[in-house]
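*Asks:* Everything below, folded, please.
(chains A, B and C)
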Amino acid sequence: MKEPNVNFFKDVYEVVRLIPRGRVTSYGAIAEYLGTKGSARVVGWAMHGAAAIEGVPAHRVVNRQGLLTGKIHFGENKMQKLLENENIKVVNHKIQDFEKIFWDPMSELGL
DNA sequence: ATTATGACTTCAC
DNA sequence: CGTGAAGCCATAA
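*Replies:* Predicted coordinates:
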């Protein structure tokens, strides 16, 4: 295949799509689930396109600290509004009870 | 092909 | 999880 990484992007969309409502996950978790755990940044790049795709709640994907880093490109008010709409509490650009609502694809989906 | 940048992560203080 | 520095993979110019 000429572009094997493209498959990676598609997987990211599927995983993000499987994120339950009121739950969030991190780029590293998705990257690791896909096998490219070293490319957490690439997951962010995948989300860049995912944000334009329906059914891909990019707002549910945050960094390891539960910080809404993606809101910068997503829309600060927009992302927080969406998260609050999912019963997710966001304060100072950060998710509250992040470890509680954290959704790990490796544990939930099971490898 | 090389350099620079990025929606990240981990290690060290 | 405060701040700071280095590492890693892919895209854009």
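*Asks:* So for the biggest helix by length in chain A, mean pLDDT?
*Replies:* Scanning chain A for the helix with the most residues, using DSSP state H, yields helix A:4-17. The average pLDDT within helix A:4-17 is 83.
*Asks:* For that helix, buried residues please.
*Replies:* Of the residues in helix A:4-17, A:8-9, A:11-13, A:15-16 count as buried by neighbour count, 16 or more other Cβ atoms under 10 Å. Every residue, glycine included, has its C-beta placed from N, CA and C.
*Asks:* Reformat these as TSV; add distance to residue A:93.
*Replies:* Supplementary listing: the buried residues of helix A:4-17 in TSV, determined by distance: Cβ to Cβ, whole Å:
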residue	distance to residue A:93
A:8	28
A:9	26
A:11	28
A:12	23
A:13	25
A:15	24
A:16	20
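*Asks:* closest to residue A:44 among those residues?
*Replies:* When the buried residues of helix A:4-17 are compared for distance to residue A:44, the smallest value, 9.7 Å, is given by residue A:12; criterion: Cβ to Cβ.
*Asks:* can you pull the contacts of the nearest residue to that closest one once chain neighbours are set aside?
*Replies:* Leaving aside its chain neighbours, residue A:12 sits nearest to residue A:46 (4.0 Å; criterion: Cβ to Cβ, 6 or more residues apart in numbering). Residues counted as contacts of residue A:46 (Cβ atoms under 8 Å, 6 or more residues apart in numbering) are A:8-9, A:12-13.
*Asks:* mind listing what's buried in the helix or strand hosting residue A:46?
*Replies:* Per DSSP states H and E: residue A:46 is located in helix A:40-50. For helix A:40-50, a neighbour-count test (16+ other Cβ under 10 Å) marks A:40, A:42-44, A:46-47, A:50 as buried.
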